[in-house]
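Asker: here is a sequence with its predicted model. Questions after.
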Amino acid sequence: MKNILIIGAGWAGLCAAVEATRRGAKVTLVEAKSELGGRARSVQLGGLTLDNGQHIMIGAYRATLDLMASVGLNPESLMLRCRLSLLDKQGNGFSLKGPAWLPPSVQFLLGILNCSQWSLKDKSSLLWLATKWTLQGFRCETKYSVKDICKGATDTVMESLFLPLCLCAFNTPIEMTSGRVFLRVLKDAMFTVAGGSDFLIPRCDLGELFPHTCERWLLQMGCEIQKSTHIKSLSSLGILGDRSDKPDAVIVACDPINAARLLADINPQWADRANRIEYTQIATTYLRCNDSSFESLSAPVLMLQSDSTNVGHVQAPAQFVFDRGFLFEGSMNVEQSQLNRRILSFVSSYATLSNDQTASAVLEQARIELGLSHLEYLGTITERRATFCCKPELIRPSIQVSERIWACGDFTDGPYPSTLEGAVLSGMRAVKEAFQTLDMH
Ligand SMILES: Cc1cc2nc3c(=O)[nH]c(=O)nc-3n(C[C@H](O)[C@H](O)[C@H](O)COP(=O)(O)OP(=O)(O)OC[C@H]3O[C@@H](n4cnc5c(N)ncnc54)[C@H](O)[C@@H]3O)c2cc1C
């Protein structure tokens, strides 16, 4: 039986632990925090269980959905599936139309043709781009940004489709985002499988969505989990010496800063690449609407008018608002469903303001844009290192670090940006490569 040590229990580390356990290994999982889940976890705020940040998946996240199912969860009952919708309160904007069984490219075409606010010029510019990308196999050179590859799209198409999509999926403005990775996500979401672009929005807190059940499954399968244990160096664990009880393989599933610290002596070039990774913030503001006439928003998620890329002069930081009452209604956890009634979470991607500034700007945005009153401020959580900047020409650290050490995490070399799917894919790959190497020896 192989002994595998995994350091870090975000979704990448949890995926690696599940996969290694399924392959028959004896797994030890070590996590610095008292809660598993890393950057996608539940937090306590004002006596409520909320999330460190609103998360959303899409139907194309096959690896993540399969991972959830593999520990006995039913993703479709834990998340609300709805068609891709970038509509504001008035119903303006882009959304996908047509029955779910239609091929994804036909749905995309119908979405374009049905967008009533777009002129013929807007629609033909997008059709022309989509045709060009299809003919190019959704690939481009690594040097191009999203702004570069979208040349030819009208300002309206940029503002109502590509800008929000890019901020939502990458948390960076179009000029800072890799065109190549954007095309890959676009292809998987819009042009590959039916339902790939569907939004899957959690109807429970993030702990319940996966980490808690995963922890129970791992313990049942004999995995050892050490929480609140911050690994400071690999040599102090005897991993690098000749001890007979040392693990056969180590998988470092930490964030890049901690991973670089642990691996600097073993592979300085790898650590240098990890240290070059830059991050952008996401701020999530929770408000409760106590207006007696308010029941819920018109949809579980609405797009907002935001000027978040206007660094230094931001007045409307949030791009999306989620209605937790709408989402949790009818969910299996009746208590949580009650507690979340009338709670709205406002997502400010590419956040640059302080918590206080975000709070007052979002309150103003909610009043003006949504016409809400009697708003109670519950709190703002700003994750400073929410997502890595998936820039053009970024060279991401490899999965294999040395003969017996592998790394995983959303930032490691892979096809996806800083997302749950990117984290899960990397966890799978690290275990696969580790087993291939160990089986050869
Ligand atoms: C506010 C916010 C909103 C987001 N929204 C979305 C979204 O809508 N959709 C989406 O797909 N993605 C979203 N993301 C991104 C997503 O959360 C991340 O891509 C994903 O969680 C990364 O997982 P990971 O396992 O790679 O890294 P992490 O989650 O960072 O996990 C690393 C783990 O390693 C542990 N660790 C670090 N050092 C040590 C050490 N020395 N010893 C022991 N343990 C250590 C950490 O405590 C942590 O638990 C969002 C992120 C944030 C913050």
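Answerer: Nice, I can see it.
Asker: how about the residues of the stretch 301-441 of the chain by the ligand?
Answerer: For the stretch 301-441 of the chain, the contact set with the ligand under C-beta under 6 Å from any ligand atom comprises 383, 386, 387, 409, 410, 418, 419, 420, 421, 422, 423. Glycine gets a C-beta too; all of them are placed from N, C-alpha and C.
Asker: and stretch 40-57, anywhere near the ligand?
Answerer: Yes. Stretch 40-57 reaches the ligand (C-beta under 6 Å from any ligand atom) through 40, 52, 53, 55, 56, 57.
Asker: contacting residues around residue 107?
Answerer: By C-beta atoms under 8 Å, 6 or more residues apart in numbering, the contact list for residue 107 reads 96, 97, 98, 197.
Asker: whoops, residue 138 was the one
Answerer: With contact set as C-beta under 8 Å, 6+ apart, residue 138 has these partners: 183, 184, 186, 187, 191.
Asker: now do the same for the first one: helix, strand or coil?
Answerer: Pointing back at residue 183 there. Of the three states, residue 183 takes helix according to DSSP: H, G, I helix; E, B strand; the rest coil.
Asker: burial check on it, number of neighbours?
Answerer: 19 (other C-beta atoms under 10 Å).
Asker: tell me where the stretch 201-350 of the chain has strands.
Answerer: For the stretch 201-350 of the chain, applying DSSP state E, counting those that start in this stretch gives strands covering 224-226, 249-252, 279-289, 301-303, 320-323, 343-351.
Asker: deepest-packed of those, please.
Answerer: Burial of those is given as mean neighbour count (mean count of other C-beta atoms under 10 Å); strand 249-252 ranks first at a mean of 28.
Asker: direction included, what does it pair up with?
Answerer: strand 3-7 (parallel), strand 405-407 (parallel) (DSSP bridges).
Asker: per-domain residue ranges of the protein.
Answerer: Domain segmentation of the chain under automatic domain parsing yields 3-41+58-74+204-277+394-440, 84-197, 279-388.
Asker: would you turn the strands of the stretch 201-350 of the chain into TSV with distance to residue 260 and mean pLDDT?
Answerer: As requested, these are exported to TSV (distance: least, C-beta to C-beta, whole Å; pLDDT from 0 to 100):
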stretch	distance to residue 260	mean pLDDT
strand 224-226	22	97
strand 249-252	10	97
strand 279-289	13	97
strand 301-303	36	95
strand 320-323	32	96
strand 343-351	24	96
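Asker: any stretches of the protein with poor pLDDT?
Answerer: 238-244 (pLDDT under 70).
Asker: in it, where's the longest helix?
Answerer: Secondary structure assigned by DSSP state H gives helix 420-440 as the longest helix of the chain.
Asker: quick one: that helix to strand 3-7, angle?
Answerer: 150 degrees (axes from the mean of the first three to the mean of the last three C-alpha atoms, to 10 degrees).
Asker: residue 104 is nearest to which of the strands of the stretch 201-350 of the chain?
Answerer: Within those, the stretch nearest residue 104 is strand 301-303; the backing value is 20.2 Å (C-beta to C-beta).
Asker: tell me which other helices or strands that closest one touches.
Answerer: strand 85-87, strand 320-323 (3 or more C-beta pairs under 8 Å, 6 or more residues apart in numbering; DSSP states H and E).
Asker: can you redo those strands as CSV with distance to residue 359?
Answerer: Formatted as CSV, these follow (distance: least, C-beta to C-beta, whole Å):
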stretch, distance to residue 359
strand 85-87, 25
strand 320-323, 14
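Asker: just give the closest residue to residue 13, not the sequence neighbours.
Answerer: residue 253 (3.2 Å; C-beta to C-beta, 6 or more residues apart in numbering).
Asker: which residues does that neighbour contact?
Answerer: Residue 253 makes contacts with 6-10, 12-13, 16, 407-409, 427, 430, as judged by C-beta under 8 Å, 6+ apart.
Asker: list the contacts of the residue nearest to the spatial centre of the chain.
Answerer: Central residue of the chain (C-alpha atoms, centre = their mean): residue 419, 3.2 Å from the mean position. Contacts for residue 419 (C-beta under 8 Å, 6+ apart) come out as 61, 169, 387, 410.
Asker: give me the neighbour count for the last one.
Answerer: It refers to residue 410. Residue 410: 28 neighbours (other C-beta under 10 Å).
Asker: is it true that it touches residue 397?
Answerer: No. With contact defined as C-beta atoms under 8 Å, residue 410 does not count as touching residue 397 (11.5 Å).
Asker: returning to that earlier point: wait, which of the residues of stretch 40-57 next to the ligand is closest to the ligand?
Answerer: Checking those against the ligand with C-beta to the nearest ligand atom, the nearest one is residue 53 at 2.0 Å.
Asker: if we ignore the residues flanking it in sequence, what's nearest the closest one?
Answerer: residue 284 (4.7 Å).
Asker: quick one: the closest residue to residue 45 other than its chain neighbours from the ligand, how far?
Answerer: Spatial nearest neighbour of residue 45, excluding adjacent residues (C-beta to C-beta, 6+ apart): residue 379 at 4.7 Å. Distance, residue 379 to the ligand, using C-beta to the nearest ligand atom, to the nearest Å: 13 Å.
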